[in-house]
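Trainee: requesting a structural model of the entry that follows:
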Amino acid sequence: MRLGQLRESSDPIPIKFKIVTPSFNQVRFVERAVRSVIAQAPGVYELQYVVYDAESTDGSQDVLKRLVREFPQISLIIEPDNGQSDALQKGFFQTDADVLGWLNADDILMPETLKNVARIFSSTGAQLVYGDSWFIDEGDQILGLYPTLRFDREFLKTFCYVSQPSAFFKRDIYAAVSGIDRRLRFCMDYDLWIRISEMTNDILYINKVLAATRLHSQSKTSIASLEFVDEIFSMLRSRVGYVPVEWGVYREYRRLSLRKESNAWPPSLVFLQALIREGVKHRKLSKLCRWSVQVLQIYLKKYFEASRSVNANYKSVIKVSK
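Mentor: Model (predicted):
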């Protein structure tokens with residue numbers, strides 16, 4: 001059996017999901033997120049859905065309480081926490097669900113995601129299943145596709161190609177790697193994929209759009225640009241023992257992008273400048289050029305896939321969510 005390929009069985013079994021939504025001051029988007037979970041197409045699965053709100057002050061609590069009255073199957077817990085990772089650890093603690101996943105309060109699931117993912121888990125030995133995600137803006141307009149590819153353990157250390165809202169994992173593998181690291185503020189998902197990938201080959205990519213991840217000015221990774229990358233550096237040192245030089249290119253790109261004089265430059269030129277600087281600095285220019293070609297191929301592939309997509313599923317999610 002080849003890496004990343006799993007043999008299917010002929011007798012699917014029911015799958016019990018637990019989905020957690022950590023919420024804090026996302027009143028503009030949280031209703032869309034919650035409704036996209038509740039509106040999932042029926043399939044051979046059960047769903048436990050918990051929303052953890054960290055005492056939002058922007059009206060999110062009122063929205064969530066209204067949704068609970070409308071959909072009593074939602075479990076709503078409003079209490080202070082120590083950040084998103086803490087809320088997720090609480091949400092996944094002592095559950096009997098087979099498969100876990102989380103949806104941030106500003107993201108969206110596609111209508112048949114759980115149905116499709118349940119079929120994969122019930123008929124294969126997969127421990128982690130992930131698919132494609134749309135990038136969307138604050139007004140729900142599609143910006144493109146997340147740069148996803150089939151599982152490659154070594155490449156994952158240099159490029160996070162697993163989109164968090166489109167990823168689902170077995171409870172047992174989550175427990176085996178000790179779950180979410182509560183210390184992490186930004187890259188808790190990437191850290192989890194790294195640790196799972198070190199423990200199993202049973203990781204499966206499916207070429208379906210399973211979610212939409214929102215890009216907006218108030219997202220954590222937008223506000224704390226370099227802090228986000230620095231946390232990745234620290235995490236990689238801890239998990240794999242070193243920081244791949246490829247991540248140095250990304251950090252330099254983010255640093256240069258924050259400079260006023262770089263604002264007039266196309267992002268591609270800023271990236272090229274970062275690539276050359278890091279390549280010369282570490283005497284790895286040839287290696288980084290080969291890596292950048294791989295990354296470019298991924299982005300181009302997803303660009304053309306997005307251009308060809310009819311995307312009826314996405315439209316139906318937005319209709320349900322509004």
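
Trainee: report how many residues lie close to R277.
Mentor: Per other Cβ atoms under 10 Å, the neighbour tally for R277 reads 17. In short, each C-beta sits where N, CA and C put it, glycine included.

Trainee: that one reaches E252, doesn't it?
Mentor: Yes. Contact criterion Cβ atoms under 8 Å: R277 and E252 qualify, at 5.7 Å.

Trainee: any regions of the stretch 1-150 of the chain where pLDDT drops low?
Mentor: 1-12 (pLDDT under 70).

Trainee: same question for the stretch 201-322 of the chain.
Mentor: 219-224, 260-262, 310-322.

Trainee: residue boundaries of the helices in it?
Mentor: 220-223, 225-240, 245-257, 267-282, 285-308, 312-321 (DSSP state H, counting those that start in this stretch).

Trainee: so how far is F155 from the nearest residue to V249 once chain neighbours are set aside?
Mentor: Closest residue in space to V249, ignoring its immediate chain neighbours: E278 at 4.7 Å, by Cβ to Cβ, 6 or more residues apart in numbering. As judged by Cβ to Cβ, to the nearest Å, E278 and F155 stand 18 Å apart.

Trainee: same check, this time on V117
Mentor: V117 is 23 Å from F155, by Cβ to Cβ.

Trainee: pick out whichever of those two has more residues nearby.
Mentor: V117 (27 against 17).

Trainee: other residues contacting the helix or strand that one falls within?
Mentor: For V117, the host element (DSSP states H and E) is helix 113-123. The contact list for helix 113-123 (Cβ atoms under 8 Å, 6 or more residues apart in numbering) reads 8-15, 17, 40-45, 47, 98-99, 126, 129, 131, 166, 168, 170, 204, 206, 208, 210-211.

Trainee: swap in stretch 248-258?
Mentor: So stretch 248-258 is in contact with 225-226, 229-230, 233, 262, 267, 270-271, 273-275, 277-279, 281-282, 288, 292, going by Cβ under 8 Å, 6+ apart.

Trainee: now a ChimeraX select for only the buried ones of those.
Mentor: The buried residues among those can be selected in ChimeraX (16 or more other Cβ atoms under 10 Å) with this line:
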select :229,262,270,271,274,275,277,278,279,288,292
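
Trainee: quick check: the closest residue to T95 other than its chain neighbours vs R195, distance?
Mentor: The shortest distance from T95 to any non-neighbouring residue, by Cβ to Cβ, 6+ apart, is to K18 (4.9 Å). Per Cβ to Cβ, K18 is found 19 Å from R195.

Trainee: quick check, L149 in contact with Y205.
Mentor: Yes. If you go by Cβ under 8 Å, L149 and Y205 touch, sitting 7.1 Å apart.

Trainee: more neighbours: these two, which one.
Mentor: Taking neighbours as other Cβ under 10 Å, L149 and Y205 compare with Y205 leading, 22 against 18.

Trainee: the closest residue to the more buried one other than its chain neighbours: neighbour count?
Mentor: Nearest residue to Y205, sequence neighbours excluded (Cβ to Cβ, 6+ apart): R150, at 4.6 Å. By the criterion of other Cβ under 10 Å, R150 has 15 neighbours.

Trainee: same check on V293?
Mentor: For V293, using other Cβ under 10 Å, the count is 10.
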